[in-house]
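*Asks:* need a structure here:
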Amino acid sequence: MTTLTKNLLALLLVLLTSVAALALADNPDAVLGVWKNGEGTGMVQIYKSGDKYFGRIVWLKVPNNPDGTPRTDANNPTESLRSKPIRGLVNMRNFTYAGNNKWEGGQIYDPKNGSDYSCEMTLTDANTLEVRGFIGVSLFGRTDVWKRQVKK
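*Replies:* Alright, predicted model coming up:
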């Protein structure tokens with residue numbers, strides 16, 4: 001490979017990196033779309049209502065119980081909600097855009113255990129979202145890495 005070819009490839013790489021960075025540059029709606037969780041067991045559609053961001057479960061790897069009925073929110077602490085299907089459940093609520101590809105002040109509900117957690121999301125690249133659920137302060141929590149499936 002000639003020096004000119006190497007230089008052109010390096011320049012092309014710099015240009016592509018710059019374009020990717022500009023695509024993420026301070027876009028509050030960059031999080032909109034469908035995301036698969038880190039375990040690959042579910043997908044959440046993140047949408048906007050007013051100036052807040054929400055998420056709804058739109059796909060489950062195992063959508064039905066062994067008897068063929070839809071899986072329900074059986075672990076919900078509110079007994080009257082335990083018969084609601086998990087698919088379609090709004091499990092992320094009230095996020096606001098904080099700048100620098102970060103959404104804060106939200107809540108995430110885990111239907112596996114029926115618990116609600118404080119949550120923040122950080123877009124690390126156009127197709128990777130770090131979702132951090134925590135109790136109290138962010139230091140005490142867990143981060144799951146989600147991959148984009150469908151853009152808004």
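
*Asks:* Asn94 - how many residues pack around it?
*Replies:* 14 (other CB atoms under 10 Å). Yep, even glycine has a C-beta here, placed from its N, CA and C like the rest.

*Asks:* Tell me which stretches of the protein form helices.
*Replies:* 3-24 (DSSP state H).

*Asks:* lowest average confidence, helix or strand, in it?
*Replies:* helix 3-24 (a mean of 43; mean pLDDT, DSSP states H and E).

*Asks:* mind listing the strands for this structure?
*Replies:* 33-36, 42-49, 52-60, 90-99, 102-110, 115-125, 128-134, 141-151 (DSSP state E).

*Asks:* Tell me which of those strands lies nearest to Asp26.
*Replies:* Comparing the strands of the chain against Asp26 with CB to CB, the closest turns out to be strand 90-99 (6.5 Å).

*Asks:* Present the strands of the chain as TSV; the columns should include mean pLDDT and distance to Lys84.
*Replies:* Output for the strands of the chain, formatted as TSV (pLDDT from 0 to 100; distance: least, CB to CB, whole Å):
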stretch	mean pLDDT	distance to Lys84
strand 33-36	98	21
strand 42-49	98	15
strand 52-60	98	11
strand 90-99	98	10
strand 102-110	98	12
strand 115-125	97	15
strand 128-134	98	21
strand 141-151	93	23
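
*Asks:* Can you add distance to Leu81 and give these back as TSV?
*Replies:* Shown next, in TSV, are those (distance: least, CB to CB, whole Å):
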stretch	distance to Leu81
strand 33-36	24
strand 42-49	18
strand 52-60	14
strand 90-99	12
strand 102-110	10
strand 115-125	12
strand 128-134	20
strand 141-151	23
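
*Asks:* And those strands: which comes nearest Asn76?
*Replies:* strand 102-110 (8.6 Å).

*Asks:* Check which helices and strands the closest one sits against.
*Replies:* strand 52-60, strand 90-99, strand 115-125, strand 128-134 (3 or more CB pairs under 8 Å, 6 or more residues apart in numbering; DSSP states H and E).
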